[in-house]
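Asker: A structural model of the following input is requested.
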Amino acid sequence: MERIGDDNIRYSEFTENTRAGEVISDPAFRGFGRLLFPMDLSISERMTLKELSSSSIYLWYSDIRTEKTVEILNYMKQEVQKGHQIFYPIYTDREMQQEPSRKNTGLFYFRGEPGKPFGIMNAGGGFYYVGAMHDSFPHALEISRLGYHGFALIYRTREPYDDLARAICFLHDHAAEFQMDPNHYSLWGGSAGARMAAVLGNRDYLRQLTDRSDIQQAAAVIMQYTGYSSASYSEVPTYACVGTRDGIADWRVMKHRLGILDEIGIPTEFHVYKGLRHGFGLGVGTIAEGWIYDAVEFWKQQLS
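Answerer: Numbering: from 1, shown residues only. Next up is the predicted model:
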């Protein structure tokens, strides 16, 4: 099927029946197509996007929607057809030669408006795999539609904090090239990715892991469904949401942590959604649908 994009560019459109191998080998994604799907899982390239968009593939996740997978991939391809770069390695060629696993990292870029701040999205996956298609790509796309620059990090499950620290440094150093504000960024994450966001949102860990003193602390951390409980005066304003039927991250743990932050004067916002399970992502079609707009509003409040 052919479709005409916003700039009258024709491109072949992915559908729910497109196979994973077709996406990975598509010329638009040359050099990084393999990173669109979880690198640490055994996924047959013969599987269709419909077959891939399920909890049997994205372990521990719920409410996965095929139409969102298709939408994201078509958006990415159209961006490339417009001449926009959508993937950025975070390590230099020399660093990747020194440590080949660094080739499996990078940032997928969802373009925002000039001058706006950026958010880094960290998908979960239990530090077993990176569930970006459900847990970070949709979020990055959504905030880009609101004008903010969205970056979805593909990280190594054995060095997640180092990779996020490197991504923060990379975006800080290249902010002018992206035409974005480097000083009021936000860190987002679901499940394991939420732990990453919380750790790098902490001022002390940020300094330690980046070995930099010139990078400002994030303006806000946005967390979904995690049992992370550490809290200190070094944290930043934090938004969190979780479901009551989450068998992995107890909503009470999240609420307790935010209660501590409130007591020490750090702004927070907490939402718990009745009946939702772990890994609901954007929550489209559920009681949580629209939570991301509340989260963006919380982030905006920290910028004033």
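Asker: what residues does the helix or strand containing Val70 touch?
Answerer: Per DSSP states H and E: Val70 is located in helix 66-81. Helix 66-81 is contacted by residues 3, 5-6, 9, 11, 13-16, 18, 23, 26, 28-29, 36, 49-50, 52-53, 86, 108, 110-111, 133-134, 137-138, 141, 282, 284 when judged by C-beta atoms under 8 Å, 6 or more residues apart in numbering. Backbone N, C-alpha and C define where each C-beta goes, glycine included.
Asker: could you rerun that using 7 Å?
Answerer: Residues outside helix 66-81 that contact it (C-beta atoms under 7 Å, 6 or more residues apart in numbering) are 5, 9, 11, 13-16, 23, 26, 28, 49-50, 52-53, 86, 133, 137-138, 141, 284.
Asker: identify each buried residue in that helix, please.
Answerer: Going by neighbour count (16 or more other C-beta atoms under 10 Å), the buried part of helix 66-81 is 66, 68-70, 72-80.
Asker: average pLDDT for that helix?
Answerer: Taken as a whole, helix 66-81 has an average pLDDT of 97.
Asker: what packs against the following helix or strand past it?
Answerer: Downstream of helix 66-81, the next assigned helix or strand under DSSP H and E is strand 87-88. Packed against strand 87-88 by the contact rule (3 or more C-beta pairs under 7 Å, 6 or more residues apart in numbering; DSSP states H and E) you find strand 106-110.
Asker: let me see the mean pLDDT of the strand it packs on.
Answerer: pLDDT averaged over strand 106-110 gives 98.
Asker: give the partner strands of whatever helix or strand comes next after that strand in its sheet and their orientations.
Answerer: Per DSSP H and E, the first helix or strand lying C-terminal to strand 106-110 is strand 117-122. Looking at strand 117-122 with DSSP bridges, its partner strands are strand 149-154 (parallel), strand 181-190 (parallel).
Asker: mean neighbour count, those strands: which tops it?
Answerer: Of these, the one with the most neighbours on average (mean count of other C-beta atoms under 10 Å) is strand 149-154, at a mean of 27.
Asker: need the next SSE after that strand, C-terminal direction.
Answerer: helix 160-173.
Asker: which residues does that following helix contact?
Answerer: 90-91, 105, 107, 118, 120, 122, 127, 151, 153, 155-156, 182, 196, 199-200, 209-210, 212, 215.
Asker: buried residues, that helix. List them.
Answerer: For helix 160-173, burial by neighbour count (16+ other C-beta under 10 Å) applies to Pro160, Asp163, Leu164, Ala165, Arg166, Ala167, Ile168, Cys169, Phe170, Leu171, His172.
Asker: now it: how far from the chain's centre is it?
Answerer: Relative to its chain's centre, helix 160-173 lies at 13 Å (C-alpha atoms, centre = their mean, to the nearest Å).
Asker: after it comes which helix or strand?
Answerer: Helix 160-173 is succeeded, C-terminally, by helix 175-178 (DSSP H and E).
Asker: packing partners for that following helix?
Answerer: Counting contacts by 3+ C-beta pairs under 7 Å, 6+ apart, helix 175-178 is packed against no other helix or strand.
Asker: which residues sit against that helix?
Answerer: Contacts of helix 175-178 (C-beta under 7 Å, 6+ apart): His149, Pro182.
Asker: make 9 the starting number, not 1.
Answerer: I'll keep to 9 as the first residue from here, and by that count the last item is helix 183-186.
Asker: how about that helix as CSV, C-alpha atoms only?
Answerer: Extracted in CSV, the C-alpha atoms of helix 183-186 (Å, rounded to 0.1, in the frame of the first residue of the first chain):
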residue,chain,number,x,y,z
ALA,A,183,21.2,20.2,22.5
ALA,A,184,22.0,23.2,20.2
GLU,A,185,22.0,20.9,17.2
PHE,A,186,18.6,19.5,18.1
